[in-house]
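Participant: how would this look folded up:
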Amino acid sequence: MAFRRLLRGTVPWDQLEGVALAVVDRYDEPAARVTFLEANNWLSTPMVVNDRWFVKVITQQNSLVHSLLTAGRNIGAFSSGTEGFFEHFDTPHEMATHELAATRRMREIGVNAPEPVEAFEYEGLGVLVLGYLRAFETLDDLPPAAVECHAPAVFDFLHRMHEDGLAHGDFRCENVLVADGDLYFIDATSVREGAIADARAYDLACALGALEPLVGAPVAVAAAARHYDPSELLAAEEFLDFVNLRPDHDFDAAAIRGAVEKRAR
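Facilitator: The predicted structure is shown next:
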């Protein structure tokens, strides 16, 4: 955790206070009440303002870490036999602006996501403002039976994004929120234009890998098969080993391959 905090960096309190005051000033609130969230997030400092707005504060150091992660993921993509497809943004403001645009686009195509409000720059920081979901759990906080019920919706949302030329790029259970029985996708990253086929296969591998430890490979693959044909599932196989190298994924790749190949016969 100390190493994570070192990489993420610490935003000086006066800047965080300034961001909170800027938010309430922009939306005509008389005062700011701030709650900081404990999140395993390398790429921002998250906080909630007045129980209404979820605010991500992105520093130049966060941008640097994003650059390193992007480079590492692209190297991994090369090792899987494809050209790297992840993109990096040069400034914190660009990172915030991209996530705002991705959130808007997801909602336009029927993928639940928090309400996109605004992205702005404050003293060199990127600031993303979204609507705050007051009561939620992440997908991996749910019991297996509940995860199994939600699994088809996970692949429905991914498929909608892929059909619209979008890719999530960082699918993990902690990026799927469940509030009032509905799923919400958060934290979509960016992939290079023209690389949607590879990014789609990567997304699918990530989703299968995230769900396998929770519900088992046959259930995960069956849910994916409602929206993806066998050739698409087989394409995702090519990325399983790469995804499994990530420290935030740990799954039985052989079991997923077996379930995919059984269905593809």
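
Participant: tell me the spacing between the nearest residue to residue 179 once chain neighbours are set aside and residue 142.
Facilitator: What sits nearest to residue 179 in space, not counting adjacent residues and going by C-beta to C-beta, 6 or more residues apart in numbering, is residue 136, at 4.0 Å. No exception for glycine: its C-beta is placed from N, CA and C like everyone else's. When distance is defined by C-beta to C-beta, to the nearest Å, residue 136 is 11 Å away from residue 142.

Participant: repeat that for residue 131.
Facilitator: 22 Å.

Participant: what residues does stretch 206-223 touch?
Facilitator: Stretch 206-223 has contacts (C-beta atoms under 8 Å, 6 or more residues apart in numbering) with 139-140, 144, 147-148, 151-152, 154-155, 158, 168, 170-173, 224, 233, 236, 239-240, 243-244, 249-253, 255-256, 258-260, 263.

Participant: among those residues, which ones are buried?
Facilitator: 139, 147-148, 151, 154-155, 158, 168, 170-173, 224, 233, 236, 239-240, 243, 249, 251-253, 255-256, 259-260, 263 (16 or more other C-beta atoms under 10 Å).

Participant: and the strands in the chain?
Facilitator: According to DSSP state E, the chain carries its strands in the segments 34-36, 45-49, 53-58, 116-122, 125-131, 137-138, 176-179, 182-185.

Participant: would you map the helices across the stretch 1-150 of the chain?
Facilitator: 2-8, 13-26, 60-79, 92-108, 144-163 (DSSP state H, counting those that start in this stretch).

Participant: hmm, I was thinking of the stretch 151-265 of the chain
Facilitator: Under DSSP H, counting those that start in this stretch, the stretch 151-265 of the chain gives helices at 196-215, 217-225, 230-237, 240-244, 253-264.

Participant: can you add distance to residue 37 and give the helices of the stretch 1-150 of the chain back as a markdown table?
Facilitator: Listed next are those as a markdown table, based on distance: least, C-beta to C-beta, whole Å:
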| stretch | distance to residue 37 |
| --- | --- |
| helix 2-8 | 13 |
| helix 13-26 | 12 |
| helix 60-79 | 15 |
| helix 92-108 | 16 |
| helix 144-163 | 23 |
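
Participant: closest to residue 119 out of those?
Facilitator: helix 92-108 (4.0 Å; C-beta to C-beta).

Participant: can you list the weak-confidence ranges in this protein?
Facilitator: 1-9, 38-42, 65-88, 189-195 (pLDDT under 70).

Participant: in it, which residue sits furthest out from the middle?
Facilitator: residue 30 (32.9 Å; C-alpha atoms, centre = their mean).

Participant: so what's that one closest to, chain neighbours aside?
Facilitator: Here the residue nearest residue 30, using C-beta to C-beta, 6+ apart, is residue 24, at 7.6 Å.

Participant: didn't the one you found look like it was pressed against residue 55?
Facilitator: No - Residue 24 is beyond contact range of residue 55, at 10.6 Å (criterion: C-beta atoms under 8 Å).

Participant: circling back: how far away is the residue farthest from the centre of the chain from residue 21?
Facilitator: Distance from residue 30 to residue 21, by C-beta to C-beta: 11 Å.

Participant: need the strands of the chain in a markdown table (columns: mean neighbour count and distance to residue 93).
Facilitator: As requested, the strands of the chain are exported to a markdown table (neighbours: other C-beta atoms under 10 Å; distance: least, C-beta to C-beta, whole Å):
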| stretch | mean neighbour count | distance to residue 93 |
| --- | --- | --- |
| strand 34-36 | 12 | 21 |
| strand 45-49 | 20 | 15 |
| strand 53-58 | 24 | 8 |
| strand 116-122 | 18 | 4 |
| strand 125-131 | 23 | 4 |
| strand 137-138 | 13 | 27 |
| strand 176-179 | 20 | 25 |
| strand 182-185 | 18 | 23 |
